[in-house]
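Peer 1: using only what follows, build the 3D model:
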Amino acid sequence: MEKRQTLFHSSDQLTAKKVFDTFQNRTTKKFGQNFLFDTNINRKIVASAGDLAGKVVMEVGPGPGGITLEILKRPIKKLFIVEIDRRWAEVWRGLSELFNGKLEVIEKDALKLREEEVSPQVIISNLPYNVSTVLLTKWLANFDKYEKLVLMFQKEVADRLYAKPSTKSYGKLSVLTQWKSEVEKVFDLDSGCFTPPPKVKSTVVKFTPKKVSEDYNFFSSVLNDAFLHRRKLLVKTLRKYAENIEEILENLGYSRLVRAEEISVKDFQKLISCLRK
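Peer 2: Here you go, the predicted structure:
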């Protein structure tokens, strides 16, 4: 490994494809690895995060470094890459000396990463699809600690993030993400852009977190009950929070026959505020 790393004497020599061909030349299915080698696409993903000057950035699952290398071209303060695959963690430890102390490798499952271990201002990642929603939910609890997140998801998951009420994709995740952030679709990617090609399309999504006053755990708990059985009426699913649930819904302009999928994010905020009293 060390001999191969000496092939690169400058970060300018690196591309994701060169790193892949030199060190690994294979992917690991259990880690959900689908690599993106197109420099233009990776540049576009990183650019969508805006000005990164002086920022501490985190990336989950860098693999051969398509996004990693684009981030490191910016005048960032520090990049933390979180990699569960030991092979890739070792590769990036060896290459880190080319980046003048700006790159730090954390070999760990991102789901087990504690907040005190790293405090990024920005997160940019092509997330492993098998853990993408779990990771997002984990970060949502403290979303306002970040300035920006640019993340890639399976398109079907991304559609849920910015879905509107009374649509098939609208659910708990839609409400949570839109409550905690401004959510923006950046662009779609066909499966052919990746190696190996996944069976689904992908979407890059940008989140700009907002400060909210409501308690996250209570908000999430109410949404769990509201969306657990989508076709059930809210007067039944939320009765345990308030005996006068009909009156609360009526004051918000909804009938007693309303279901969770029909309530807007703003009205969920008002509803949950009433239930909290």
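Peer 1: what sits against residue 228?
Peer 2: Going by CB atoms under 8 Å, 6 or more residues apart in numbering, residue 228 touches residue 237. Every residue, glycine included, has its C-beta placed from N, CA and C.
Peer 1: how far away is it from residue 237?
Peer 2: From residue 228 across to residue 237, the span is 7 Å (CB to CB, to the nearest Å).
Peer 1: and for residue 179?
Peer 2: To residue 237, residue 179 is 18 Å away according to CB to CB.
Peer 1: same check, this time on residue 93
Peer 2: Taken as CB to CB, the span from residue 93 to residue 237 is 50 Å.
Peer 1: so between those two, which is more surrounded?
Peer 2: The neighbour count for residue 93 versus residue 237, taken as other CB atoms under 10 Å, is higher for residue 237 (20 against 16).
Peer 1: go ahead and confirm that one touches residue 225.
Peer 2: Yes. In this structure, residue 237 is within contact of residue 225 by CB atoms under 8 Å, at 5.1 Å.
Peer 1: which residues in the stretch 1-150 of the chain form helices?
Peer 2: With DSSP state H, counting those that start in this stretch applied, the stretch 1-150 of the chain shows helices at 2-5, 16-19, 39-47, 66-72, 86-95, 132-140, listed in chain order.
Peer 1: pLDDT averaged over the last one - what is it?
Peer 2: Helix 132-140 shows an average pLDDT of 96 in the prediction.
Peer 1: so which elements touch that helix?
Peer 2: Here helix 132-140 touches strand 148-154, helix 172-180, going by 3 or more CB pairs under 8 Å, 6 or more residues apart in numbering; DSSP states H and E.
Peer 1: now do the same contact list for residue 89.
Peer 2: 83, 105, 107 are the contacts of residue 89 under CB under 8 Å, 6+ apart.
Peer 1: ignoring the adjacent residues along the chain, who's closest to it?
Peer 2: Nearest in space to residue 89, with sequence neighbours left out and distances taken as CB to CB, 6 or more residues apart in numbering, is residue 107 at 3.9 Å.
Peer 1: so what's the residue count around the closest residue to residue 42 other than its chain neighbours?
Peer 2: In space, residue 42 comes closest to residue 66 once its chain neighbours are excluded; the distance is 4.3 Å by CB to CB, 6+ apart. Around residue 66 there are 25 other residues, counting by other CB under 10 Å.
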